[in-house]
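Student: Sequence first, predicted model second:
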Amino acid sequence: MEIDWASLGSVFVVALAAVAVVTGLFAVGVRGVAARADARENGGTGTAGAVTAGTCFVVCAAVVGYGIYLIVAA
């Protein structure tokens, strides 16, 4: 058995980048929820925080769903 180190390294880099992106998006989404709560406490609507959070969470779900699709489709 021979290991293709270039392919293994490529998979590692892509996985590391995907983890960083999804984690960052999720963190921004949580911050958006907190910003909405803060705005609501101060009498604002908090629409920007809700939109930001919703967008980030939808993108996170799409990335995870696409990853599951790639695994199952193989």
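Tutor: Sure thing, it's come through. Residues are numbered from 1 along each chain as shown.
Student: What sits closest to V64 if chain neighbours are left out?
Tutor: Closest residue to V64 apart from its sequence neighbours, by C-beta to C-beta, 6 or more residues apart in numbering: V22 at 7.2 Å. Where C-beta positions appear, they are placed from N, C-alpha and C, glycine not excepted.
Student: And for A53, the neighbour number?
Tutor: 21 (other C-beta atoms under 10 Å).
Student: Isn't it up against V30?
Tutor: Yes - at 7.4 Å, A53 and V30 qualify as touching, with contact defined as C-beta atoms under 8 Å.
Student: quick one: contacts for the spatially most central residue of the chain?
Tutor: Closest residue to the average C-alpha location of the chain: V22 at 2.7 Å, with C-alpha atoms, centre = their mean. Listed by C-beta atoms under 8 Å, 6 or more residues apart in numbering, the contact set of V22 reads 60, 63-64.
Student: In helices only, show me the residues you listed.
Tutor: 60, 63-64 (DSSP state H).
Student: Of those residues, grab the buried ones for ChimeraX.
Tutor: Per 16 or more other C-beta atoms under 10 Å, the buried members of those correspond to this ChimeraX selection:
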select :60
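Student: so can I have TSV of the ones in helices among the contacts of V22 showing distance to G44 and pLDDT?
Tutor: Formatted as TSV, these follow (distance: C-beta to C-beta, whole Å; pLDDT from 0 to 100):
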residue	distance to G44	pLDDT
C60	25	96
V63	30	94
V64	31	93
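Student: Many thanks, have a good one.
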